[in-house]
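Undergrad: sequence below, structure please.
(one chain, ligands or ions: 1)
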Amino acid sequence: MENDKIRAGIMELRELMKSKDDDSYVSGQNQGLPQPPLAKENVSDKIIPLTDNFEHIIQNNDFLNILNTRTSKRKYTEESLTLDEVAFLLWATQGVKQVIGRQKKATMRTVPSAGARHPFETYLFINRVKGLEQGLYHYLALEHKLEYLGPVQDQADQVSKAYGGQVFLGNAPVAFVWTVIPYRTEWRYTINAQKYALLDAGHLCQNLYLASESIGCGACGIGAYEQPLADGLLGLDSKPSDAEDNEFVVYAAAVGKIDKSPEQI
Ligand SMILES: Cc1cc2nc3c(=O)[nH]c(=O)nc-3n(C[C@H](O)[C@H](O)[C@H](O)COP(=O)(O)O)c2cc1C
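TA: All right, here's what the predicted structure looks like:
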């Protein structure tokens, strides 16, 4: 019986992967409802400007080599990242290249997104970045700046615990956490939006993998976490909600400098 229930649940969730007939749904956009904000605004006044000049950071420009050496790397050296390297990784994953449209605005970024909806926000748990205090940060993509949200008590332990006991993530120089605000995509795509947002999320992390390889770092995508704990660490509420600003964790990744000796890779 219990197995039948699980099976039924799996079959139901499988439908998420399929394209759905949305003819009977009138989207928020077609109802003339206001477009949700392109990105969250800052809540802190501790703002850190970021460079958009990355020439001096790139160590490896050989795309074929980057594709060949990319693996999920979970062992990092003690070396800190520089702020410019973090700026590059943020830009590579969510950087805004252009804002288009006079009224219905959209951001064109370094990653693709269905209908340029870009439903994500980026948070960083920082352990070792030169010149930055440890703690929680939020990327202001429209301004290409970081805001410091504050210290996190027992950060390494709390992060490890929330992400399935994965100690390497808690101890990583930088842990990326991506949240999704589903309504940004649902406003246009209603019942196909959830699938699109999950597809979009993959692009962020793939860019993080490739960008990390190009600057002597390694990354590892993280899909295993406890939703309430991971959301709680960001001050978000995991309870189901149809609020337009409903936001929750959808993906994460660890990043750090890697030892180039073959056995470490
Ligand atoms: C969506 C997704 C979730 C993942 N979650 C985890 C995770 O929670 N912990 C982990 O150690 N690796 C995780 N990985 C990394 C995979 O284990 C890894 O990509 C896979 O073993 C293939 O190895 P490669 O990336 O080195 O090619 C995840 C990868 C993806 C794409």
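
Undergrad: I'd say residue 80 and residue 134 touch.
TA: No. Using Cβ atoms under 8 Å as the test, residue 80 is too far from residue 134 to be in contact (11.0 Å). Every C-beta, even on glycine, is put in place using the N, C-alpha and C of the backbone.

Undergrad: next up, the contacts around the closest residue to the ligand within the stretch 101-250 of the chain.
TA: Going by Cβ to the nearest ligand atom, the ligand is nearest to residue 223 of the stretch 101-250 of the chain, at 2.9 Å. Taking Cβ atoms under 8 Å, 6 or more residues apart in numbering, we find residue 223 in contact with 251, 252.

Undergrad: tell me the spacing between it and residue 174.
TA: Distance of residue 223 to residue 174, given as Cβ to Cβ, to the nearest Å: 18 Å.

Undergrad: and residue 82, how many neighbours?
TA: When neighbours are counted by other Cβ atoms under 10 Å, residue 82 registers 17.

Undergrad: could you pull up the residues touching it?
TA: With Cβ under 8 Å, 6+ apart, residue 82 has these contacts: 57, 129, 130, 131.

Undergrad: could you work out the most separated pair of these?
TA: Largest separation among the contacts of residue 82 by Cβ to Cβ: 57 and 131, giving 14.9 Å.

Undergrad: more neighbours: these two, which one.
TA: More crowded of residue 57 and residue 131, by other Cβ under 10 Å: residue 57, with 17 against 10.

Undergrad: wait, that one touches residue 212, no?
TA: No. Between residue 57 and residue 212 there is no contact under Cβ under 8 Å: 11.3 Å.
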